[in-house]
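Peer 1: dropping the sequence and predicted coords here.
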Amino acid sequence: MSRVLTYNIHRCVGVDRRLDIDRIASVIAAQRPDIVALQEVDVGRARTGGVDQARAIAERLGMAFHFHAALTVAEERYGDAVLTGLPLRLIKAGPLPGHPSLPRLEPRGALWVAIEIEGAEIAVLNTHLGLIPKEQRLQAAALTGPAWLGGNRRRDPLIVLGDFNTGARGAASRTLRNGLTDAAEAAGAGRSLRTYPSIAPIRRLDHVFVSPGIRVDAAFVVADTVTRRASDHLPLVVDFALNPH
């Protein structure tokens, strides 16, 4: 069995306004994940002390990582990361479309890697969609289109995960479920896995979708006194195994 964790870390600034990379790393380490997908990661940004948060967390966990900057301003970057202690290679990283009539919205991107597990290669795509339903629909369509998962690089087994800023019934989630299964529903957890806001979660914004090559064994949200303060989202964990072909 393997374990994947997705977590919007809110640039390591908790709801108590503390900037604490060690706290975020400890939250992740306590779950002993094989694969970690992070969103809202600061790299070299003045507001968080100029630290490369992706590298700092990876070093604390003893993992390798890939980072993709959805937003770049001079030397400052902000985006998503995938970390693992397993063999890792990059498939693709790039931007997702915004809405043409709303040019000032925060830019979004996706990071797609291949990770070797049990002698097989699993594809993992981490993303953080926009806040507006119109842009979410465009971004989900792009991810399932020929430039991403609809192209010839699509492979099974596949995990698509991250902060989708919409519920499981939203248009973007429905688009991404085309050929994929909601891991929470596969585990029988469904609506119970609310991740936002961390202090009193009422919405399931963070999701894990899996292809037929993956069997979901369990899914749960880590909700305790530390995680309720460490970020404005709670981490979502999924235990899985590879289905024999």
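Peer 2: That came in fine, so what should we check first?
Peer 1: strands of this protein, start to end?
Peer 2: Applying DSSP state E to the chain gives strands spanning 2-8, 35-43, 64-73, 76-84, 88-96, 108-117, 120-128, 158-163, 181-182, 206-210, 214-221, 236-242.
Peer 1: any chance of JSON lines for these, columns mean pLDDT?
Peer 2: Shown next, in JSON lines, are those (pLDDT from 0 to 100):
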{"stretch": "strand 2-8", "mean pLDDT": "98"}
{"stretch": "strand 35-43", "mean pLDDT": "98"}
{"stretch": "strand 64-73", "mean pLDDT": "95"}
{"stretch": "strand 76-84", "mean pLDDT": "97"}
{"stretch": "strand 88-96", "mean pLDDT": "97"}
{"stretch": "strand 108-117", "mean pLDDT": "97"}
{"stretch": "strand 120-128", "mean pLDDT": "97"}
{"stretch": "strand 158-163", "mean pLDDT": "98"}
{"stretch": "strand 181-182", "mean pLDDT": "95"}
{"stretch": "strand 206-210", "mean pLDDT": "97"}
{"stretch": "strand 214-221", "mean pLDDT": "97"}
{"stretch": "strand 236-242", "mean pLDDT": "97"}
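Peer 1: any idea which of those gets closest to residue 193?
Peer 2: Counting by C-beta to C-beta, residue 193 lies closest to strand 214-221 out of those; the figure is 5.0 Å. The way it works is simple: take the backbone N, C-alpha and C, and place the C-beta from them, glycine included.
Peer 1: list the buried residues for that closest one?
Peer 2: Buried positions in strand 214-221, judged by neighbour count with 16 or more other C-beta atoms under 10 Å: 214, 215, 216, 219, 220, 221.
Peer 1: name the helices or strands packed onto it?
Peer 2: In terms of contacts (3 or more C-beta pairs under 8 Å, 6 or more residues apart in numbering; DSSP states H and E), strand 214-221 is packed against helix 183-186, strand 236-242.
Peer 1: and it, how far out from the chain middle?
Peer 2: Here strand 214-221 is found 15 Å from its chain centre; the criterion is C-alpha atoms, centre = their mean, to the nearest Å.
Peer 1: contacting residues around it?
Peer 2: If you take C-beta atoms under 8 Å, 6 or more residues apart in numbering as the criterion, strand 214-221 is touched by 1, 122, 157-159, 181, 183-184, 186-187, 189, 193-195, 201, 208, 210, 234-243.
Peer 1: and the residues you listed, which are buried?
Peer 2: The buried subset of the contacts of strand 214-221 - by 16+ other C-beta under 10 Å - is 122, 157-159, 181, 183-184, 186-187, 189, 193-195, 201, 208, 210, 234-240, 242.
Peer 1: which residue is the nearest non-sequential neighbour of the residue most central in space within the chain?
Peer 2: Centroid-nearest residue in the chain, with C-alpha atoms, centre = their mean: residue 162, separated by 2.7 Å. Nearest in space to residue 162, with sequence neighbours left out and distances taken as C-beta to C-beta, 6 or more residues apart in numbering, is residue 127 at 4.4 Å.
Peer 1: give the contact list for the one you found.
Peer 2: 39, 80, 96, 108-111, 139, 143, 160-164.
Peer 1: by neighbour count, which of these wins?
Peer 2: residue 39 (29 neighbours; other C-beta atoms under 10 Å).
Peer 1: that one touches residue 7, doesn't it?
Peer 2: Yes. Using C-beta atoms under 8 Å, residue 39 is in contact with residue 7, at 7.4 Å.
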